[in-house]
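> need a structure here:
(one chain, ligands or ions: 1)
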Amino acid sequence: MFQTLKDHLAIVADRRIEDICDAERAADFSVQTGDLVLDYAKTNIDPHARDMLIDLLTSTGVAEKREAMFTGKPINETEGRAVLHTALRNLDGAPVMVDGQDVMPEVLATLDRMSDFAEAVRDGSFKGQGGKITDVVNIGIGGSDLGPAMAVRALSPYHDGPRCHFVSNVDPADIAEVLRSCDPATTLVIVASKTFTTIETMTNARTAKAWMGESVSDPAAQFCALSTSAEKTSAFGIPGDRVFGFEDWVGGRYSMWGPIGLSLMIAIGPDAFRAFLRGGQAMDTHFRAADWHENMPALLALVGIWHNQVCGYATRAVLPYDNRLGRLPAYLQQLEMESNGKRVSIDGADLPYDSGPVVWGEPGTNGQHAFYQLIHQGTRVIPCEFMVAARGHEEELHHQHQLLIANCLAQSEALMRGRSLDEAREIMAAKGLTGDELDRQARHRVFPGNRPSVTLVYPTLDPFTLGQIIALYEHRVFVEGAILGLNSYDQWGVELGKELATALQPVVEGNAGTEGKDGSTAALVEYLRRNGA
Ligand code: F6P
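From the prediction side, this is the model:
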C-alpha cells in the first residue's frame, strides 16, 4: 500500500527540509481550525507526497469509516460495539442513533446529573461526615485515570473546587501516599471503572473504603461510582443516585468526556467542563466537514503515516512546551498505543506493515536537558511534535513565557537545520584548535539536521483549547487506524498479562507452588518469597 510513497521518498530523501521551507510552504503546509494552528512545514512531505497521502484516505475509505463512526455503526468489530465518544460532547443534542435508539437524551441527562452533583460538592450542599468536601480521590486506571488526571493538571488555573488526587497503581505506595494527605471525614472517593472489575481499581477501592470506615460511620456515603455496570456498583454499596453510568460504546481511553470526567468537572466546575466539551465538539465538526487538504486531524494522521509507515521512524516524541501538559504524553501513549498497537487487520490477517508508533515525551524545556541529545545527534530519526501557547497564565512572568516559546521554536529549527561539519570546524578554529584535534572535536559538534517536526500553536491553554487538542489526537488515531485497516477500539493485548497475574497471585502468596512455571519465573518467585514477598 505504501510502495509508491516509498518510491517517492527514495527520490527526495536527501533533500534538505530547510531548502524547501520558505514562506509559501509555511502557508501551504499549515492548517488552522478556530484559533488552533498546526504547522507541518518542517517535514519532508512535498505537494506530490501530500497528494499521494490524501489518495490513501480515499483508497482506504476513511470518509465512509468516519461516517460509520459518527453515526453509531459497530466499527469496534471484535467487541460488536459502536464507537461514540463524540456523542458525549454533542452538546446540541442532535440525534445519534445506536440500534435504532437516540442516545442523546440519556447522555445529556447524565451530564446534567453530573453537573448537579459537581455543584453540590463544590458549594458544600453535598457534605462529608465531617463537613464540606475538601478532597476528591479518583480511583481508576488507564482511561479511567489518565484523562482526568491529565486534564486536571492542564487546567489548574481554572481549578476552584476541592483538591483532586488520582490513585491508579495497585502498588500500595500510590494509595497510601494519597490517603495520608486526606481527612476521611471530608473526602469524596470516586471509583472510576467502566467495567467495575479491574483488579487494581477494585483493590484500591476496597482499601479506601476500609480507610474511611475507620473514621466515619457510613463510608459508602462518601463514595460515588462511574461505570457501565449498575449491578456491580450497587453490589459495592454505592446507591444509584451516586452512580453515573455510560454505555459500552464509550471506550475507556476515550471516556473523559462523560462520567469519567467527573473529577475534572468538580475541579473546574460544570461551565468550564462544558467549554472543554465544546472544544471537542468543534474539532468533531471540523473533522467531519473540512476538505482533506484543510482537515487538521487527517493531515496530522498523514504526517504520522509518512513518518512511521513510509520513512520507517518507529517512535514519535510529544513535546509540549506547556508544563501543565506534563501528563499529555502519558495520556497519548494510551490513546495511540492501545488503539493502534495491533498486529492484525480487522479481518484477522497479519498486518503487512508496521502498526502505530511508540509514543513518548516530556514537557520542554526539561526534555532539552535530558533526552534531546539523542533526538539531535542519535543515529535514529525521531519525528517530534511540539506544542506551545502564545500566552501563559502567569501574565506577570510573560518574559519567562517568551523564553519558553523561543526554546520551542529553536528546537524545531535546530532539528531542521542542524550544523554542518564546515560550520563546526569554523567554531573550533575560532577557539584556536588546529589539525587533527580540530577535525576530531568538530565531528562531535555536527548536527545532521533534516529531522522532521510539527508544531501546534494556540492562544492559551483554556478548557476549550484542551478539548480541541484532545479531540484532534483522537481523530488522528482514528484516521491512522482506518488507513492501516485495524481496529483502533479493542485492546486484547492487555488480557494475557491480566490472566497470568491472577494465576500468579497465589504462587506469590505461597498458597500454590511454582510447578508448571518456566525456570526464570520460578526462580524470581523464589527469590522474592525468600526476601519477604
Ligand atoms: O486494561 C486495559 C483497560 O481495559 C483500558 O482500556 C481501560 O482504560 C483500563 O483498562 C481501565 O478499565 P476500567 O475502566 O474498566 O477499569
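
> just checking, next helix/strand downstream of the strand or helix carrying Asp19?
Applying DSSP states H and E as the criterion places Asp19 in helix 17-20. For helix 17-20, the following helix or strand on the C-terminal side (DSSP H and E) is helix 23-28.

> what packs against that following helix?
Contacts defined by 3 or more C-beta pairs under 8 Å, 6 or more residues apart in numbering; DSSP states H and E place helix 23-28 against no helix or strand at all. No exception for glycine: its C-beta is placed from N, CA and C like everyone else's.

> and the very next helix or strand once past it, how far from the chain's centre?
Following helix 23-28 in sequence order, the next helix or strand is strand 30-33 (DSSP H and E). Relative to its chain's centre, strand 30-33 lies at 21 Å (C-alpha atoms, centre = their mean, to the nearest Å).

> Buried by neighbour count: which residues of strand 30-33 qualify?
Using 16 or more other C-beta atoms under 10 Å as the test for burial, strand 30-33 gives Ser30, Val31, Thr33.

> Residues of the protein that sit close to the ligand?
Residues of the chain found near the ligand (C-beta under 6 Å from any ligand atom) are 141-144, 193-195, 198, 201, 252-253, 338, 491, 494.

> Inside helices: which ones of those residues?
Among the residues of the chain next to the ligand, the ones falling in helices (DSSP state H) are Thr201.

> Enumerate the strands of the stretch 251-400 of the chain by residue range, in sequence order.
315-321, 358-361, 384-389 (DSSP state E, counting those that start in this stretch).

> do you know how far the residue of the stretch 251-400 of the chain found nearest the ligand is from His85?
Relative to the ligand, the nearest point of the stretch 251-400 of the chain is Gly252 (2.6 Å; C-beta to the nearest ligand atom). Applying C-beta to C-beta, to the nearest Å, the value for Gly252 to His85 is 10 Å.

> just Leu155 next, same as before
Distance, Leu155 to His85, using C-beta to C-beta: 19 Å.

> in the stretch 351-500 of the chain, what residue is nearest the ligand?
Closest contact between the stretch 351-500 of the chain and the ligand, by C-beta to the nearest ligand atom, is at Val494 (3.8 Å).

> tell me the contacts of the residue nearest the centre of the chain?
Closest residue to the average C-alpha location of the chain: Leu332 at 2.2 Å, with C-alpha atoms, centre = their mean. Neighbour list for Leu332: Val318, Val359, Gly361, Tyr473 [criterion: C-beta atoms under 8 Å, 6 or more residues apart in numbering].

> For those residues, please prepare JSON lines with the additional fields pLDDT and neighbour count.
Output for the contacts of Leu332, formatted as JSON lines (pLDDT from 0 to 100; neighbours: other C-beta atoms under 10 Å):
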{"residue": "Val318", "pLDDT": "98", "neighbour count": "23"}
{"residue": "Val359", "pLDDT": "98", "neighbour count": "24"}
{"residue": "Gly361", "pLDDT": "98", "neighbour count": "24"}
{"residue": "Tyr473", "pLDDT": "98", "neighbour count": "23"}
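
> Need the max-distance pair from these.
Farthest pair in the contacts of Leu332 (C-beta to C-beta) is Gly361 and Tyr473. Separation: 12.4 Å.

> buried set for the helix holding Asp19?
Residues of helix 17-20 classed as buried by neighbour count (16+ other C-beta under 10 Å): Ile17, Ile20.

> In contact with Asp145, which residues?
Taking C-beta under 8 Å, 6+ apart as the criterion, Asp145 is in contact with Asn138, Phe166, Ser168, Ala192.

> Of those residues, which belong to strands?
Asn138, Phe166, Ala192 (DSSP state E).

> Which helix runs longest in the protein?
Longest helix of the chain, by residue count under DSSP H: helix 463-484.

> Determine how far whatever helix or strand comes next after that one lies from the middle of the whole chain.
Heading C-terminal from helix 463-484, the first helix or strand you meet, by DSSP H and E, is helix 495-509. Averaging C-alpha positions (C-alpha atoms, centre = their mean) puts helix 495-509 28 Å from its chain's average.

> so for helix 495-509, what's the average pLDDT?
Summarised as a single mean, pLDDT over helix 495-509 is 95.

> Give the other helices and strands that that helix contacts.
Against helix 495-509 (3+ C-beta pairs under 8 Å, 6+ apart) you get helix 199-213, helix 519-530.

> For the helix or strand just after the first one, what does the pLDDT average out to?
Scanning forward in sequence from helix 199-213 by DSSP H and E, the next helix or strand is strand 223-227. The average pLDDT within strand 223-227 is 98.

> Contacts for strand 223-227, please.
Residues from elsewhere that reach strand 223-227, judged by C-beta under 8 Å, 6+ apart: 117, 140, 144, 188-196, 205, 208-209, 212, 233, 236-238, 242-246, 259-260, 262.

> Work out the gap between stretch 187-198 and the centre of the chain.
Centre-to-centre, stretch 187-198 and its host chain are 20 Å apart (C-alpha atoms, centre = their mean).

> Show me what whatever helix or strand Ala109 lives in packs onto, helices and strands only.
Secondary structure assignment for Ala109, by DSSP H and E: helix 104-123. Applying 3+ C-beta pairs under 8 Å, 6+ apart, we find helix 104-123 packed against strand 243-245, helix 262-268, helix 270-289.

> and Leu108, which of the ones you listed is closest to it?
When the helices and strands packed on helix 104-123 are compared by C-beta to C-beta, helix 270-289 sits nearest Leu108, at 10.9 Å.

> Contacts only, for Ala41.
Residues near Ala41 by C-beta under 8 Å, 6+ apart: Cys21, Arg25, Ala26, Asp28, Phe29, Ser30.

> Neighbour-wise, which one of these leads?
Within the contacts of Ala41, most neighbours by other C-beta atoms under 10 Å means Phe29, with 22 neighbours.

> measure the residue nearest to that residue when sequence neighbours are not counted to the ligand for me?
Nearest residue to Phe29, sequence neighbours excluded (C-beta to C-beta, 6 or more residues apart in numbering): Ala41, at 3.9 Å. With distances taken as C-beta to the nearest ligand atom, to the nearest Å, Ala41 is found 35 Å from the ligand.

> Name the SS class of Ala41, please.
Assigned by DSSP: H, G, I helix; E, B strand; the rest coil, the conformation of Ala41 is coil.

> just how off-centre is stretch 127-137 within its chain?
Counting by C-alpha atoms, centre = their mean, stretch 127-137 is centred 30 Å from the centre of its parent chain.

> And for that stretch, what's in contact with it?
Outside stretch 127-137, the residues touching it (C-beta under 8 Å, 6+ apart) are 121, 124, 126, 161-167, 178-179, 181-190, 208, 216-218, 221-222, 263, 266-267.
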